[in-house]
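# Mind folding the following:
(one chain, ligands or ions: 1)
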Amino acid sequence: GYYGKFGGAYIPEMLHRNVEELQSKYLEIMYEKGFRDEFNALLKDYVGRPTPLFLAERLSKQFNTNIYLKREDLNHTGAHKINNAIGQVLLAQRLGKKRIIAETGAGQHGVATATVCALKGIECIVYMGVKDIERQAPNVARMKMLGAKVMPATSGSQTLKDATNEAIRDWINNPTDTHYVIGSVVGPHPYPDMVARFQSVISEEVRWQLKEKTGSELPTHVVACVGGGSNAAGAFYHFLDEPQVQLVAVEAAGLGVNSGHSAATTQLGTAGVLHGSKSIVMQTEDGQVVEPHSISAGLDYPGIGPLHAHLFDSGRGKFLSATDDESVQAAFNLCKLEGIIPALESAHALAGLNQLQLKEKDVVVLCLSGRGDKDLATYMKRMDA
Ligand SMILES: Cc1ncc(COP(=O)(O)O)c(/C=N/[C@@H](Cc2c[nH]c3ccccc23)C(=O)O)c1O
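Numbers count the residues shown, from 1 in each chain. Model (predicted):
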């Protein structure tokens, strides 16, 4: 469960049994034929995969290169999160769990988990920071419509980190009947690996789609935003061992990396343990987690998945960051050039394009992780400015 010096499972004694059960069973369950058939059938007939790989011609012209958008925004529920939610709920069923808990910030992971729980008739409780309940209200309504219980996280800064803390507390109190569906490639082993494997369908599809469109399976760049890093992990997964493919991760700079209001973890963080895994954490000298800031709730997280900590540390990944303003402008730009309204999180990946030296012959695959419906109030506030 290690990525270089990062990863592992640093968990409280009371979670050992749950986590060890997962560690010992997840691979055998995930690769059992019945599981694969059900997982793939749901991805096809319920989620609507494969998602398109769309050549954004006017955006490509603007950057004088070739930009393909991997349309994870077209999944059922509107983001990549559903790929992981389906996998983990099916796994929870095979482990005999009767109750599902999850954390969410942008609400996309919460909606995805509530969706699959409704499909399967399983109780669903989603922890969400009070601040995020306000700024992602449409997703709170969706979770309730889908029959989930939304539990306000009132501790700390009342955002994603606090929702995750409170979900972990619930799991400690309900170890035997409950599965915790973590929404990103974070948490104790096996979560980072398990979530990356569920999301790897993204790059699995990109390879054959690119082959069809360009004659080669390999792009020159893969670009994705990083909160915990699950859409990036999925988009990078089948290119990790292709050194000529530049992996570009874009974090949230918030008001600026050095503004004191940022979530650019690789730029501002140091090695530490957060939510059960050794990674890079925004923390004070005495190990107190620093409150992050981002206009996008899904990137507003003071940590990063251990896979990405390793990609950063080893130099295999190129880590950029984009501010709130740069990302909103990049979103407006995509709307006007391609008629697509991206999620604020995905807009950070788009803003990262401005920081790359792209050549005319380059082939850039950008993971459009979600759609912007949930963010319209925020966009409207910035529209007239
Ligand atoms: C549309 C969209 N794109 C990108 C991201 C970034 O996440 P990732 O880097 O994993 O691809 C999110 C996160 N949305 C999650 C954020 C999240 C849930 N659990 C987490 C744990 C750690 C870090 C982030 C999250 C949500 O709140 O619904 C998102 O909703």
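# Now for E212, how many residues are close by?
10 (other C-beta atoms under 10 Å). Every residue, glycine included, has its C-beta placed from N, CA and C.
# quick one: the strand or helix carrying it to chain centroid distance?
Using DSSP states H and E, E212 maps to helix 201-214. Taking C-alpha atoms, centre = their mean, to the nearest Å, one finds the center of helix 201-214 at 20 Å from the center of the full chain.
# Could you list every helix and strand in contact with that helix?
strand 53-55, strand 66-71, helix 230-236, strand 363-368 (3 or more C-beta pairs under 8 Å, 6 or more residues apart in numbering; DSSP states H and E).
# most neighbours per residue, which of the ones you listed?
Mean neighbour count (mean count of other C-beta atoms under 10 Å) peaks for helix 230-236 among the helices and strands packed on helix 201-214, with a mean of 30.
# Would you mind listing what in the protein touches the ligand?
Within the chain, the positions near the ligand by C-beta under 6 Å from any ligand atom are 79, 81, 103-110, 160, 164, 183-184, 186, 225-232, 297-299, 301, 343, 345-346, 369-370.
# Now stretch 269-286 - C-alpha only, PDB.
Presented in PDB, the C-alpha positions along stretch 269-286 are these (Å, rounded to 0.1, in the frame of the first residue of the first chain):
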ATOM      1  CA  GLY A 269       2.500  21.200   2.400                       C
ATOM      2  CA  THR A 270       5.000  19.000   4.000                       C
ATOM      3  CA  ALA A 271       5.100  15.200   4.600                       C
ATOM      4  CA  GLY A 272       2.600  14.200   7.200                       C
ATOM      5  CA  VAL A 273      -0.400  11.900   8.000                       C
ATOM      6  CA  LEU A 274      -3.900  13.000   7.200                       C
ATOM      7  CA  HIS A 275      -7.000  10.800   7.300                       C
ATOM      8  CA  GLY A 276      -5.000   7.600   7.700                       C
ATOM      9  CA  SER A 277      -2.400   7.900   5.000                       C
ATOM     10  CA  LYS A 278       1.200   9.400   4.900                       C
ATOM     11  CA  SER A 279       1.200  12.000   2.200                       C
ATOM     12  CA  ILE A 280       1.800  15.800   1.900                       C
ATOM     13  CA  VAL A 281      -0.300  18.000   4.200                       C
ATOM     14  CA  MET A 282      -0.800  21.700   4.700                       C
ATOM     15  CA  GLN A 283       0.200  22.000   8.300                       C
ATOM     16  CA  THR A 284       1.900  24.200  10.900                       C
ATOM     17  CA  GLU A 285       5.300  23.200  12.400                       C
ATOM     18  CA  ASP A 286       3.600  21.500  15.200                       C
END
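# what's the neighbour count on the nearest residue to I168 once chain neighbours are set aside?
Spatially, and ignoring its direct neighbours in sequence, I168 is nearest to H275 (6.9 Å; C-beta to C-beta, 6 or more residues apart in numbering). If you count neighbours by other C-beta under 10 Å, H275 ends up with 24.
# so H275 makes contact with G303?
Yes: under the criterion of C-beta atoms under 8 Å, H275 makes contact with G303 at 6.7 Å.
# Mind listing the shared neighbours of these two?
V186 (C-beta atoms under 8 Å, 6 or more residues apart in numbering).
# list the contacts for the spatially most central residue of the chain?
The C-alpha lying nearest the average C-alpha coordinate of the chain belongs to S230 (C-alpha atoms, centre = their mean; 3.8 Å). Counting by C-beta under 8 Å, 6+ apart, S230 makes contact with H80, K81, N84, G183, S184, V185, V195, A196, Q199, G305.
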